[in-house]
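*Asks:* all I have is the shape, not the residue letters:
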């Protein structure tokens, strides 16, 4: 089977997943409320307008109902909904008075800057710690590293973030209380001062312990494998053998990192919420707290679409990294 | 096995940690009264941001709560000792006779007041009955003295003076006033009340008028000093008026020594056969202290320990129920798919793939927001549970499916089949028996995971906010840290460490069980 047909097949599979996700979203956000007799249009207008005259409120509800097609049968709504999502017509945010897409585009850079550097740091750190631990298998340093990784895995991220924030931002005042007022894109100093602490936390909490443990266990298996034993018997230099072992252990780590990259945007709600970084996470939380449904659903859709695209790219790259894998 | 058990240091440590986290919750759940610390009824166990009692080793001799009187029976006049406590007796002053009796059947009811841990009202039968008869105006004083020998109060302390009163008047007017007198003999006039307005027009604003019927409740607090008659005597400048509460507190408590709480009944007869009968109860002074209990207090003066207990109780029960639900669904589908394979298996893999693809916390936030709008009257804890179950059963199902598939291909299953056992029999007799350890381990892994997810929702303010959970404790305390003294560490650390220790100890416990039974499939973490 050729690479092209493999790529096509995976594309179709990923698209089916996307479709499933959109159906899921539509069902819960638009269909379910209507089955319970609630007009979702009522959710789309800000609370502020409830105070105005009943007539004004009704006219807005009516115009929204027509705009979103809530007066049409469900299947017509469904087709329209899917079409809107696929064309990035994510609706209008009635609270901030701007299209949802614009808000998302504005928030995205903050999140990218928050997530990408830690992903690199933590991958390197996980490889170093994991391989060092595997090479010293059974020694106290191995126990120390493994158990540190397990403990790190089990600390709730929001506890670390809250404690670090209290310690460094509130008590020691070495980080801003809220990043939103500090960050200026044309000033690298301001970016560093706002981001250094969230970067450290993100490095520690997101996926790092998993990858460290994965690296250690893979490396352990590889060090036990026949080809390493053979290399040892053949009298190769230890350094060379280690390099071979590490290189072979990297494959699952790379896969894992790519998967983590896909879901990285889903894990930043708490960090952005605590540090006041106006990215996708804070956008989602404020949307949920203000009951800003278009923004909530729009930001979620973008997150998931991004995850799917990264997973698909991952599908394509994977056979190139690991030639042993059979194209399916 | 026993030897192995003892030699596993991680197991011992994790059991100790687990006990450290869970025991206070269990003990507290059975001993503490179930008053919601997030409602007014749970406020003011002490002043806001009181440190834990034992933390006085860091902060010196901080004042504790000072309660005059300190027992409920004396406060609510359930026992006749209340009379001597307030230094009352039968006597004759200026020819007026004063008779004091304890009335065991008549007591405060029907008062409108806000119950906190520092206020008492509507305490029911039991009151001090004072009968004053005669033609001369006299003052009758009720007082009690206490010693204050602690550090002087901080911004957050305050004191309350309160009373419940009922009267029957036969041609007599009276005023009922409350005072605090400090060791320097400075008097602080906390409230003035009675059945006729004062002649001084300035005082009218601060006067509490009693109608001829029913019980009256008076509460005067230093935290609302601008509503006390003290403000007319305090000579405050314009800018000082904005911080009157602080000034009252620091002028009153400016030294150590003996303080006196005083209630005065001013009897003003209009004729020679005037008579006044006054029923008093809930006579109570409280200075809200800066140290309290095991874990101090939060921004409302509610006990952090009772929040910890109630939060832990809620979290552990919810996590166990949700964990069992996840396990039930996951085990059923996993067993069926793993054993029978075919269409069931394909469907399960597709559904789990799909759910694993969704960014979990994001989906949880959306579903919670939508469900709360659709099912407005539904229990929030139930909604959270349902949403977590919907999104969390797939990984469990996958693990159990893997384990089942591994068992299915083992020789003894083939032997059983060769012996003519039916699929159902094999499933019940052999497969389930071999899956049980992984089910237990999975439940142990699921519990901290569920608590973690639920806490994250509460922390962000999307989940439960009106009753304590460890997540919302952490959320509220993180918000309060900016203003709180000493960064309110006694409030922010307990729920955080509880979540943390629970996570590690249950993880090691689960690992131990998996290792004991030498499970076939690799670890999931």
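*Replies:* Structure's in. What do you need? In this text, all values refer to a predicted model and were calculated from it rather than measured experimentally.

*Asks:* residue A:93 contacts residue A:99, correct?
*Replies:* Yes: with contacts counted by CB atoms under 8 Å, residue A:93 reaches residue A:99, the gap being 7.1 Å. Placement of C-beta: from N, CA and C, glycine included.

*Asks:* so for the two, which residue has more residues nearby?
*Replies:* Remark: of residue A:93 and residue A:99, residue A:93 carries more neighbours, 23 against 17, as counted by other CB atoms under 10 Å in any protein chain shown.

*Asks:* tell me the contacts of the more buried one?
*Replies:* A:99-100, A:103, A:292, A:294-295 (CB atoms under 8 Å, 6 or more residues apart in numbering or on different chains).

*Asks:* which residues does residue B:373 contact?
*Replies:* Counted by CB under 8 Å, 6+ apart, residue B:373 has contacts A:33, A:38, A:43, A:291.

*Asks:* which of these sits closest to chain B?
*Replies:* Nearest to chain B among the contacts of residue B:373: residue A:33, at 5.4 Å, using CB to the nearest CB.

*Asks:* and the helix or strand harbouring residue A:113, does that touch chain B?
*Replies:* Using DSSP states H and E, residue A:113 sits in helix A:100-135. No: using CB under 8 Å from any CB of the partner chain, helix A:100-135 stays clear of chain B, coming no nearer than 12.4 Å.

*Asks:* and that helix, what does it pack onto?
*Replies:* strand A:92-93, helix A:140-154, helix A:188-205, helix A:208-223, helix A:238-263, helix A:269-275, helix A:280-290, helix A:293-321 (3 or more CB pairs under 8 Å, 6 or more residues apart in numbering or on different chains; DSSP states H and E).

*Asks:* buried residues in the helix or strand where residue B:322 lies?
*Replies:* With elements taken from DSSP H and E, the one containing residue B:322 is helix B:304-340. Neighbour-count burial for helix B:304-340, counted by 16 or more other CB atoms under 10 Å in any protein chain shown, picks out B:304-316, B:318-319, B:322-323, B:325-327, B:329-331, B:333-339.

*Asks:* give me the mean pLDDT for it.
*Replies:* For helix B:304-340, mean pLDDT rounds to 93.

*Asks:* packing partners of it?
*Replies:* For helix B:304-340, the packing partners by 3+ CB pairs under 8 Å, 6+ apart are helix B:9-31, helix B:342-357, helix B:380-408, helix B:432-460, helix B:470-480, helix B:489-516.

*Asks:* next helix or strand past the helix or strand bottoming out on mean pLDDT in chain A?
*Replies:* Ranked by mean pLDDT, DSSP states H and E, the weakest helix or strand in chain A is helix A:54-68, scoring a mean of 78. Helices and strands here follow DSSP H and E; after helix A:54-68, the next one along the chain is helix A:74-86.

*Asks:* ok, back up a step: buried deepest among the helices and strands packed on helix A:100-135, which one?
*Replies:* helix A:269-275 (a mean of 26; mean count of other CB atoms under 10 Å in any protein chain shown).

*Asks:* who's in contact with it?
*Replies:* Applying CB under 8 Å, 6+ apart, the contact partners of helix A:269-275 are A:110-111, A:114, A:157-158, A:161-162, A:165, A:169, A:175, A:178-179, A:194, A:197-198, A:201-202, A:277-282, A:284-285, B:361-362, B:365, B:456, B:459-460, B:478.

*Asks:* pLDDT wise, what is the nearest residue to residue B:297 once chain neighbours are set aside at?
*Replies:* Excluding its sequence neighbours, the residue lying closest to residue B:297 (CB to CB, 6 or more residues apart in numbering or on different chains) is residue B:50, at 4.3 Å. Here, the pLDDT recorded for residue B:50 equals 94.

*Asks:* just the one 3 residues further on next, same as before
*Replies:* At residue B:53, the predicted lDDT confidence score is 93.

*Asks:* the residue nearest to it when sequence neighbours are not counted bridge partners, please.
*Replies:* Nearest non-adjacent residue to residue B:53, counting by CB to CB, 6+ apart: residue B:291, 5.0 Å away. Here residue B:291 sits in beta bridges with residue B:51, going by DSSP bridges.

*Asks:* show the end-to-end separation of stretch B:81-95, please.
*Replies:* The straight-line separation of the ends of stretch B:81-95 (CA to CA, to the nearest Å) is 26 Å.

*Asks:* per the record, what domains does chain A have?
*Replies:* Domains of chain A are assigned by automatic domain parsing as A:3-87, A:101-321.

*Asks:* tell me the residues of the stretch 51-200 of chain A that contact chain B?
*Replies:* Contact residues (CB under 8 Å from any CB) of the stretch 51-200 of chain A with chain B: A:147, A:150-151, A:153-159, A:162-163, A:165-166, A:170-171, A:177.

*Asks:* okay, now the unreliable bits of the stretch 151-300 of chain A?
*Replies:* A:266 (pLDDT under 70).

*Asks:* returning to that earlier point: how about the helices and strands packed on helix B:304-340 in TSV, adding distance to chain A and mean neighbour count?
*Replies:* Listed next are those as TSV, based on distance: least, CB to the nearest CB, whole Å; neighbours: other CB atoms under 10 Å in any protein chain shown:
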stretch	distance to chain A	mean neighbour count
helix B:9-31	8	15
helix B:342-357	5	15
helix B:380-408	10	21
helix B:432-460	5	23
helix B:470-480	4	25
helix B:489-516	4	22
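
*Asks:* most proximal residue of chain B with respect to chain A?
*Replies:* Closest point on chain B to chain A, by CB to the nearest CB, is residue B:359, at 2.7 Å.

*Asks:* run a quick neighbour tally on that residue.
*Replies:* 21.

*Asks:* surely the residue nearest to residue B:297 touches residue B:294?
*Replies:* No: taking contacts as CB under 8 Å, residue B:50 lies outside contact range of residue B:294: 11.6 Å.

*Asks:* looking at those two, which is more packed in?
*Replies:* Per other CB under 10 Å, whichever of residue B:50 and residue B:294 has more neighbours is residue B:50, with 32 against 17.

*Asks:* picking that back up, so what's the residue count around the residue nearest to residue B:53?
*Replies:* By other CB under 10 Å, 22 other residues sit near residue B:291.

*Asks:* gap between the residue nearest to residue A:11 when sequence neighbours are not counted and residue A:9?
*Replies:* Sequence neighbours aside, residue A:312 is the residue nearest to residue A:11 in space, at 6.5 Å (criterion: CB to CB, 6+ apart). Remark: distance between residue A:312 and residue A:9 (CB to CB, to the nearest Å) = 11 Å.

*Asks:* would you say residue B:180 is within a strand?
*Replies:* Yes: counting by DSSP: H, G, I helix; E, B strand; the rest coil, residue B:180 is located in a strand.

*Asks:* gap between it and residue B:207?
*Replies:* 19 Å.

*Asks:* these two - which one has more neighbours?
*Replies:* Set residue B:180 next to residue B:207 and count neighbours by other CB under 10 Å: residue B:180 wins out with 23 against 16.
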